[in-house]
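*Asks:* Kindly generate the corresponding structure for this input.
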Amino acid sequence: MPQMAPMWWTLLMILFIFSMILTNSMMYFNMLNKIITINKMKTLQMNWKW
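*Replies:* As a prediction, this is how the structure comes out:
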């Protein structure tokens with residue numbers, strides 16, 4: 001059974017780390033966008049009439 005060369009293991013590790021960072025950043029900014037829109041909705045709902 002052939003084994004992978006150390007260079008390929010390094011490339012595979014970099015690929016997995018890059019995909020994990022990319023996925024986490026997309027999830028973070030997606031949640032940040034939802035939180036900002038929810039906060040805007042909360043502030044718009046307060047209509048004070050003096």
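
*Asks:* what bits of this protein have low per-residue confidence?
*Replies:* Applying pLDDT under 70 to the chain flags the ranges 1-2, 4, 41-48, 50.

*Asks:* what ranges do the helices span in the chain?
*Replies:* Assigned by DSSP state H, the chain shows helices spanning 6-45.

*Asks:* Please report how far residue 5 lies from residue 22.
*Replies:* To residue 22, residue 5 is 25 Å away according to Cβ to Cβ, to the nearest Å. C-beta coordinates here come from the backbone N, C-alpha and C atoms, glycine included.

*Asks:* hang on, I meant residue 31
*Replies:* Distance from residue 31 to residue 22, counting by Cβ to Cβ: 15 Å.

*Asks:* before we move on, what about residue 13?
*Replies:* Taking Cβ to Cβ as the measure, residue 13 falls 15 Å from residue 22.

*Asks:* Just give me the neighbour total for residue 16.
*Replies:* Other residues within reach of residue 16, judged by other Cβ atoms under 10 Å, total 10.

*Asks:* Then residue 49?
*Replies:* Per other Cβ under 10 Å, the neighbour tally for residue 49 reads 3.

*Asks:* Also residue 38?
*Replies:* The burial count for residue 38: 10, using other Cβ under 10 Å.

*Asks:* Equivalent analysis for residue 11, please.
*Replies:* Number of residues near residue 11 (other Cβ under 10 Å) recorded here: 12.

*Asks:* Next up, the contacts around it.
*Replies:* Residue 11 makes no contacts at all, as judged by Cβ atoms under 8 Å, 6 or more residues apart in numbering.

*Asks:* Can you give me the distance of it to residue 20?
*Replies:* Distance, residue 11 to residue 20, using Cβ to Cβ: 15 Å.
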